[in-house]
Structures are given as C-alpha cells and as structure tokens.
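In: no sequence on hand, only this structure:
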C-alpha cells in the first residue's frame, strides 16, 4: 500500500516539474543569460566613436575604475534615493491608513469596491502618459499656474520644472499616485488574513485602536511590509520613465533629477556597452546590499529559537 502511495506521489511530482519548465526557460533566457552577459561585457572596452567601432577589447576592471573615478555616480544614486523616499514614505503611510479602514468590518464603509477600483486605476496608466499629463499641468502656462495666478496666490507663474525640489516633488508625487493603490491592496490583503480573534481579545482587554494597530496589526504585517519595501526599493532604483519624460532626459535643474537608469541609458544610447555593463553590475550590487539592510533592520535575520 505504501509503495502504491509513493508511486502516486512521484507521479504527481513529475507533472509539477513539467509545469515548471516554461517558467525556468523564460527565466534562463530573459533573466539569467542577460545577467551573465552584462557582467561579461563590463570587462570589455566596447563603444562606438563616430562611425568607428572600438573593441570589444578585454580591459579588466578599467570600466569600474572609470565609473568610480567620476563623482557623478554618487550624485545620481543620491538623486534616485531621495526621490524614491519622497514618494515611498507618504505611499506606505496612506496605504496603511486606507488598508486599516477598508479591512475594519466595524466601520462598515459603503462603496468599498468602487473606491478600491479608483485607487488602483492610476497603476494601469502608462508612466509615460502620466508624465506627459503632469508636464502639461505644471508647465509655466499650464492649468495649475493659471489657477494659482488667477486666484491671487501667485503674482507670476511658478516655474515648477526649473527648481530642484519642485521637480523632485513632482516625480515623487507621480510615483506615489501610480503605486499607492497597489500597495493598499497588498497591505489590505495582509490585514484581512489576520485572525479576528486577536482583535476580539484585545477589545475585551480594553485596548485602544492605536494599541491594536501597533501591537497586533503591524507586527503580523511584517512579512508583507518587507515585500512591499523591497519591491518598491527595486522599482525606485529602476526609476526612469517619469523623470526622463518630465525633464526631457536632461535631469535638470543641474542634473538633480538625473537617476541611475537615466545615466545608464545615456551610455546605452552612445553604444558604450562596457561602461553600461559596469554601471548595471554596480546597480545590481547596490540593490542586493540595500535589500539585505532591509532584512537586517526588519528583524528577519534573527534566529528562530
């Protein structure tokens, strides 16, 4: 009897592995091979000078030395992190608040499906279209300046895209609007998975709503919060389309909105595949290090006793 059951288990496992084959093939072709190819190209001099192709010539770590000799790399990394933090902090706070409201059955909010749909809709809009919309809204002669001037709040139009923090603020605002709905749905799903008996016990013990949120909800949401932070961090480091379109690829004013991927795109546009490879590897390492830091500070690295 046991042999028969073991045979059935092996049979089912075989089909599981067969269904995994498409995913493995896609992962190898579109993720693993490009990763190793990028690392390989980073050790070569390979660029175009006018109509002449230079390389590929093996130069070892020369691309990395040239990359770190340029102080701009740290400036662009700082720009990226600043704009990500400016968009992510209000995003996580608003998402936690909305998630707590929508998952609280005691509030009995009406029209929840409608509001959830409306919150998620910006996530379905292409970032390029969103950027063009904001570019038109906040231009010198755009509707926002027209309303502010006609309302007497400003004497003359404010040049939103000519000031450092207003440009960064617009990029952060767009990222917030596009992604807070998705984050709300994820956090709300995590909150709805928490055992309601815990809340009932806390209510019997006289715990306030604030105490319940910080002592029960947040600790039990830790896994999904870690997921949200890391995926948002990876997306933030890959920030490209919004600032690229909003600043016409220049990263102005004074390259304070130039991100890492915008800088990478300049190397790819100029066909400098060696430097682009080195910058991609650096970005890969930075992403890994920051993700490990998130795990460390989340307490996930503690050993289970």
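Out: Thanks, I have the structure now. These numbers come from a predicted model, not from an experiment.

In: where does the stretch 151-300 of the chain have low pLDDT?
Out: The model of the stretch 151-300 of the chain has pLDDT under 70 over residues 299-300.

In: the closest residue to residue 240 other than its chain neighbours - how many residues pack around it?
Out: Counting by C-beta to C-beta, 6 or more residues apart in numbering, the nearest residue to residue 240 once its immediate chain neighbours are dropped is residue 261, at 4.0 Å. Every residue, glycine included, has its C-beta placed from N, CA and C. When neighbours are counted by other C-beta atoms under 10 Å, residue 261 registers 21.

In: and the strands in the protein?
Out: Ranges of strands in the chain, per DSSP state E, are 44-49, 52-58.

In: between strand 44-49 and the longest one, find me the angle.
Out: The one in question is strand 52-58. Relative orientation of strand 52-58 with respect to strand 44-49: 180 degrees, computed using axes from the mean of the first three to the mean of the last three C-alpha atoms, to 10 degrees.

In: who's in contact with the most centrally placed residue in the chain?
Out: Centroid-nearest residue in the chain, with C-alpha atoms, centre = their mean: residue 235, separated by 2.3 Å. Neighbouring residues of residue 235 by C-beta atoms under 8 Å, 6 or more residues apart in numbering: residue 179.

In: doesn't residue 239 make contact with the residue nearest to residue 240?
Out: Yes - the pair residue 261 and residue 239 passes the contact test of C-beta atoms under 8 Å, sitting 6.5 Å apart.

In: picking that back up, just send the strands of the chain back as a markdown table, with mean neighbour count too.
Out: Listed next are the strands of the chain as a markdown table, based on neighbours: other C-beta atoms under 10 Å:
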| stretch | mean neighbour count |
| --- | --- |
| strand 44-49 | 16 |
| strand 52-58 | 12 |
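
In: what count of nearby residues applies to the residue lying closest to residue 138 once chain neighbours are set aside?
Out: The spatially closest residue to residue 138, leaving aside those adjacent along the chain, is residue 160, at 4.3 Å (C-beta to C-beta, 6+ apart). Burial measure for residue 160: 20 neighbouring residues, criterion other C-beta under 10 Å.

In: and residue 160, how far from residue 49?
Out: Remark: distance between residue 160 and residue 49 (C-beta to C-beta, to the nearest Å) = 38 Å.

In: residue 295 contacts residue 229, doesn't it?
Out: No - under the criterion of C-beta under 8 Å, residue 295 is not in contact with residue 229, lying 9.7 Å apart.

In: these two: which has the busier surroundings?
Out: Just comparing residue 295 and residue 229: by other C-beta under 10 Å the higher neighbour count belongs to residue 229, 19 against 14.

In: give the closest residue to the more buried one in space, chain neighbours not counted.
Out: Of all residues beyond its chain neighbours, the one nearest residue 229 is residue 294 (5.4 Å), with distances taken as C-beta to C-beta, 6+ apart.

In: correct me, but that neighbour touches residue 232?
Out: No - counting by C-beta under 8 Å, residue 294 does not reach residue 232; the two are 10.1 Å apart.

In: so which of these two has more stuff around it?
Out: Taking residue 294 and residue 232 together and counting by other C-beta under 10 Å, residue 232 has the greater number of neighbours (19 against 15).

In: list the contacts of that one.
Out: 84, 88, 91-92, 179, 183.

In: just put those residues in TSV and tack on distance to residue 117 and neighbour count.
Out: What follows is the contacts of residue 232, written out as TSV (distance: C-beta to C-beta, whole Å; neighbours: other C-beta atoms under 10 Å):
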residue	distance to residue 117	neighbour count
84	27	22
88	23	22
91	19	24
92	21	19
179	16	21
183	16	26
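
In: who's in contact with the residue nearest to residue 229?
Out: So residue 294 contacts 226, 229-230, 233 (C-beta under 8 Å, 6+ apart).

In: distance to residue 196 added to the residues you listed, as JSON lines?
Out: Below are these laid out as JSON lines (distance: C-beta to C-beta, whole Å):
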{"residue": "226", "distance to residue 196": "23"}
{"residue": "229", "distance to residue 196": "26"}
{"residue": "230", "distance to residue 196": "28"}
{"residue": "233", "distance to residue 196": "32"}
